[in-house]
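Chemist: need a structure here:
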Amino acid sequence: MKKLTLLLLLTASFVYAKHNKPEGCTKVYYCSQMHSCKEAHEYLKKYGKCALMDGDGDGIPCERQWCKRK
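Modeler: Have a look, this model is predicted:
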């Protein structure tokens, strides 16, 4: 039952993300795809609005996962 619930949540997340892609973006990038704070900053700079990694718009991507405030 837990595996089915997880599968449904992952599927719903994928469908939601796919349909809420910013206009003009052929691909969208997320914090879960990054491996470091540096990489997240590079993607945010390079891909701008297609890098959905700065939810609060302060210029610091992936604050929960990689770029924690000090």
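Chemist: Assumed Lys27 was part of a helix.
Modeler: No - counting by DSSP: H, G, I helix; E, B strand; the rest coil, Lys27 is not found in a helix; it is coil.
Chemist: For it, give me its contacts.
Modeler: Residues counted as contacts of Lys27 (CB atoms under 8 Å, 6 or more residues apart in numbering) are Cys50. C-beta coordinates here come from the backbone N, C-alpha and C atoms, glycine included.
Chemist: Could you tell me the model confidence score at it?
Modeler: According to the prediction, Lys27 has pLDDT 93.
Chemist: And the helices in the chain?
Modeler: 2-19, 37-47 (DSSP state H).
Chemist: Which of these has the lowest mean pLDDT?
Modeler: Among the helices of the chain, helix 2-19 carries the lowest mean pLDDT, at a mean of 56.
Chemist: In space, what's closest to the residue nearest the centre of the chain - neighbours in sequence excluded?
Modeler: Centroid-nearest residue in the chain: Tyr30, 2.0 Å away (criterion: CA atoms, centre = their mean). Spatial nearest neighbour of Tyr30, excluding adjacent residues (CB to CB, 6 or more residues apart in numbering): Leu52 at 5.8 Å.
Chemist: Stretch 63-70: which residues count as buried?
Modeler: Judged by neighbour count (16 or more other CB atoms under 10 Å), stretch 63-70 contains these buried residues: 63, 66-67.
Chemist: what about Val28, how many residues close to it?
Modeler: If you count neighbours by other CB atoms under 10 Å, Val28 ends up with 17.
Chemist: thought it was touching Cys50?
Modeler: Yes - using CB atoms under 8 Å, Val28 is in contact with Cys50, at 5.6 Å.
Chemist: any common contacting residues for the two?
Modeler: 21-22.
Chemist: how long is stretch 41-52 end to end?
Modeler: 12 Å (CA to CA, to the nearest Å).
Chemist: How about residues contacting it?
Modeler: Here stretch 41-52 has contacts from 21-22, 24-25, 27-30, 34, 40, 53-54, 59, 61, 67, using CB under 8 Å, 6+ apart.
Chemist: Generate a ChimeraX selection restricted to the buried entries among these.
Modeler: The following ChimeraX line selects those of the contacts of stretch 41-52 that are buried, judged by 16+ other CB under 10 Å:
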select :28,29,34,40,53,54,61,67
